[in-house]
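Asks: Predicted structure and sequence below. I'll ask about it afterward.
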Amino acid sequence: MNLKFRSSLSRDCVVQPVDGLFLVFFRPSGQTHLLPVQSFALLELLDENSLSVPEIPAALAARYDVEPEVGIEGVVERQLRELQAAGLVEAAT
Amino acid sequence: MTAGEALRQRGWRAMTVRVGPIDYRLATPVETVWRELSALYRDYPRDDPQHCPEFEVSVRLTNWWRRFARPQIELRADIMGPFAPLPASLGQVAFEMGMNYQLAMGLNRYLLLHASAVEREGECVLFSAESGSGKSTLAAGLAYAGWRLLGDEFALIEPRTGLARPFPRPISLKNRSIDVMMERAPAERFSRRYTGAPKGTLGYLLPPSDAISRMSEPARPRCVVFPKFQPDSTPAIRRVPVAEAHILLVASSTNYQTLGEAGFRAMANLLDTCPAYAITYPSLDAARRLVEQLWQDSGAQAPARRRHG
């Protein structure tokens, strides 16, 4: 079974959009993160539902009404790894 | 008996002095250091029994024998830092270092930015830069050219209101900046020069008297400037994107992490209302012209003020 991920964006974060980027203050760590739009989109998505890497491209496509790009799974996985290292997403249990 | 009276009974000299919203107790048994301290803080409210000091800083000789051979002083304070003994001739420098350290490490009701600030018409410009970038000299030059000095080292931003609280300590000038300001400010406002200090030769310049008499009047930040003195450069202005300004100011803040969410919101509000610029300048006069230009530009394009709930 594929591991699912989740974020706590709405509960644990304060967000300030700036210049097409997102400043995100994460309450549990007290850290401020500067995120590009694609990472922030992942946080929003995983705040609503716990999803696995293979599920994310289709969910993103549905949410933003775009066609999923070929090979996007690899990009998603790399970004998830970065967000997980920062504590902003975690494995759903 | 008050703490000050107890110190005096032991042969120490002590004062409480108010700088902006902060009261310090400063004490030393060294008469020469006391005379310089008294002279430098002669214009500030002192020994007001209504104000209890928040921080204490004292300077004394290290030991009895060292009074005869290369005398050294040591710094004691409520919040002790890595204070190495200094030559006895640098007693005033030790006081100033100790006062800065207490504020940087112990004051958390304001968002503290390592920045100088000047005010006009109730609004202010914040100059954020690393040590040696010229922010003190720039603030001093503007303060002696009609602006009101809010501070040369720290900007104190109230998280609830976003206002900048004045903290107009004596301006710390280094090396060539002392000569630059000697041409612009009355000689009686300067301390002597302290050679052999950790950052070279230091001198202190008393702010103009209105900066001290009006130090309870806050100002609303109007723009943030990241100044860089660069000899032989062409004066230049660059608009700094909000995200970059936020990251730069976080790096300049001594208590952003400590304040947590309140610090984030205060910083976001500040940059929501203030455009940020980087300036490069070859001289103090060039910098003044750039600041005047930014003052006009930022007034014309002040963004709508929002709060982050």
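Replies: All right, it came through fine.

Asks: May I ask which helix or strand of chain A has the lowest mean pLDDT?
Replies: helix A:56-64 (a mean of 89; mean pLDDT, DSSP states H and E).

Asks: Name the residues of that one that are buried.
Replies: A:I56, A:P57, A:A59, A:L60 (16 or more other C-beta atoms under 10 Å in any protein chain shown). Every C-beta, even on glycine, is put in place using the N, C-alpha and C of the backbone.

Asks: Retrieve the pLDDT associated with residue 86.
Replies: Chain wasn't specified; assuming chain A. For A:A86, the model assigns a pLDDT of 92.

Asks: I was after chain B.
Replies: pLDDT, B:L86: 87.

Asks: Write out the residues of chain A neighbouring chain B.
Replies: By C-beta under 8 Å from any C-beta of the partner chain, the part of chain A that sits against chain B consists of A:V14, A:Q16, A:V18, A:D19, A:L21, A:L23, A:F25, A:R27, A:G30, A:T32, A:L34.

Asks: is the first one in a bridge, and if so with what?
Replies: Counting by DSSP bridges, A:V14 forms beta bridges with A:F25.

Asks: Same check on the one 4 residues further on?
Replies: Listed by DSSP bridges, the beta-bridge partners for A:V18 are A:L21.

Asks: roughly how far apart are it and B:S283?
Replies: Noted for A:V18: a distance of 33 Å to B:S283, by C-beta to C-beta, to the nearest Å.

Asks: For these two, indicate the residue with more neighbours.
Replies: Using other C-beta atoms under 10 Å in any protein chain shown as the criterion, A:V18 and B:S283 rank with A:V18 on top: 17 against 14.

Asks: What is the subsequent helix or strand relative to the lengthiest helix in chain A?
Replies: The residue-count maximum for a helix in chain A (DSSP state H) belongs to helix A:72-85. Downstream of helix A:72-85, the next assigned helix or strand under DSSP states H and E is strand A:89-91.

Asks: contacts for that next one?
Replies: Contact with strand A:89-91 is made by A:L3, A:K4, A:F5, A:R6, A:S7, A:L42, A:L43, A:L46, A:L80, A:L83, A:Q84, as judged by C-beta atoms under 8 Å, 6 or more residues apart in numbering or on different chains.

Asks: Just the closest of those residues to B:V118, please.
Replies: Checking the contacts of strand A:89-91 against B:V118 with C-beta to C-beta, the nearest one is A:L43 at 40.1 Å.

Asks: Where does that closest one sit, in terms of helix or strand?
Replies: helix A:37-48.

Asks: packing partners for that helix?
Replies: Judged by 3 or more C-beta pairs under 8 Å, 6 or more residues apart in numbering or on different chains; DSSP states H and E, helix A:37-48 is in contact with strand A:4-7, helix A:9-12, strand A:21-26, helix A:56-64, helix A:72-85, strand A:89-91.

Asks: Tell me the buried residues in the fifth one?
Replies: Along helix A:72-85, these residues count as buried under the neighbour rule (16+ other C-beta under 10 Å): A:V76, A:Q79, A:L80, A:L83.

Asks: circling back: mind giving me the PyMOL command for buried ones among the residues of chain A next to chain B?
Replies: The following PyMOL line selects those of the residues of chain A next to chain B that are buried, judged by 16+ other C-beta under 10 Å:
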select buried, chain A and resi 14+16+18+21+23+25+32+34
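
Asks: Export the residues of chain A next to chain B as CSV, with columns for pLDDT.
Replies: Below are the residues of chain A next to chain B laid out as CSV (pLDDT from 0 to 100):
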residue, pLDDT
A:V14, 96
A:Q16, 95
A:V18, 92
A:D19, 86
A:L21, 92
A:L23, 95
A:F25, 96
A:R27, 95
A:G30, 93
A:T32, 94
A:L34, 93
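
Asks: Output the residues of chain A next to chain B in a markdown table; the columns should cover distance to B:G200.
Replies: As requested, the residues of chain A next to chain B are exported to a markdown table (distance: C-beta to C-beta, whole Å):
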| residue | distance to B:G200 |
| --- | --- |
| A:V14 | 42 |
| A:Q16 | 40 |
| A:V18 | 38 |
| A:D19 | 39 |
| A:L21 | 40 |
| A:L23 | 37 |
| A:F25 | 39 |
| A:R27 | 43 |
| A:G30 | 36 |
| A:T32 | 35 |
| A:L34 | 36 |
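
Asks: so where is the chain shaky, pLDDT-wise?
Replies: As the question left the chain open, I've gone with chain A. Where chain A drops to pLDDT under 70, the residues are A:1.

Asks: um, chain B though
Replies: For chain B, applying pLDDT under 70 flags the ranges B:1, B:64-69, B:300-309.
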